[in-house]
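Enquirer: Turn this into a structure:
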Amino acid sequence: MAKGLVTIQSDRALREAVDKVSELLQEIHDHSGRDFKKPWKIRFPRVSDVIHWLLIRTDLGLTAKQMLIKLQLFLLGALVESITKGHLKGRCGGHYRKRTQYLVSHRIINVDLKKDLDWIWEMRNHMHLFLITDSEYNCTDYSHENLHRGVTAFKQLLTDLET
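Expert: This is a model prediction of the structure:
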């Protein structure tokens, strides 16, 4: 435990600690702004999924929150692309949708999962700004519900490939 800190043992103590940390982070930002020359860094919690942590442990909203969800959907798409490519190496090459169709044709995944995996791919392709036909400003694509849909499909793909 760091010097001067107490262990949080109740929801009340947690609420007070969150309020204090929030206040201090704002003061740090107010003082430092975007000055990257200042060498001080905040010790961030040691978590492997930083984007998920930011989504559930901060009050980010609107566009910032949507862009974190977009990033997670992009990463899911990249993982699904690599996993299907690796799993089907030597059996089915070609583009993404050809691989998901192969998985359905060979009864490795069902049609509903293919639809969700293809949807993840579409979300992943939103990284290419030239392919985006509509404004992404406050669109409904980057919602917690859609993120849950993507994560659920990803987990189901892993399960189906194991069997």
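
Enquirer: Show me the helices in the chain, by range?
Expert: 11-32, 50-57, 62-87, 96-105, 111-124, 144-162 (DSSP state H).

Enquirer: what about the helix or strand of the chain with the lowest mean pLDDT, distance to the chain center?
Expert: Sorting the helices and strands of the chain by mean pLDDT, DSSP states H and E puts helix 50-57 at the bottom, at a mean of 88. Computed by Cα atoms, centre = their mean, to the nearest Å, the separation of helix 50-57 from the middle of its chain amounts to 8 Å.

Enquirer: circling back: could you dump the helices of the chain to JSON lines with distance to residue 44?
Expert: C-beta: built from backbone N, CA, C; applies to glycine. Below are those laid out as JSON lines (distance: least, Cβ to Cβ, whole Å):
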{"stretch": "helix 11-32", "distance to residue 44": "11"}
{"stretch": "helix 50-57", "distance to residue 44": "7"}
{"stretch": "helix 62-87", "distance to residue 44": "15"}
{"stretch": "helix 96-105", "distance to residue 44": "34"}
{"stretch": "helix 111-124", "distance to residue 44": "26"}
{"stretch": "helix 144-162", "distance to residue 44": "22"}
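
Enquirer: Lowest mean pLDDT across the ones you listed, which one is that?
Expert: Sorting the helices of the chain by mean pLDDT places helix 50-57 lowest, at a mean of 88.

Enquirer: Put the alpha carbons of that helix into CSV.
Expert: Provided in CSV are the C-alpha atoms of helix 50-57 (Å, rounded to 0.1, in the frame of the first residue of the first chain):
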residue,chain,number,x,y,z
VAL,A,50,-7.4,-0.9,-20.8
ILE,A,51,-10.2,0.0,-23.3
HIS,A,52,-12.8,-2.1,-21.3
TRP,A,53,-11.6,-0.5,-18.1
LEU,A,54,-12.0,3.0,-19.5
LEU,A,55,-15.6,2.1,-20.6
ILE,A,56,-16.7,0.7,-17.2
ARG,A,57,-14.7,2.8,-14.8
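
Enquirer: which parts of that helix are buried?
Expert: 54, 55 (16 or more other Cβ atoms under 10 Å).
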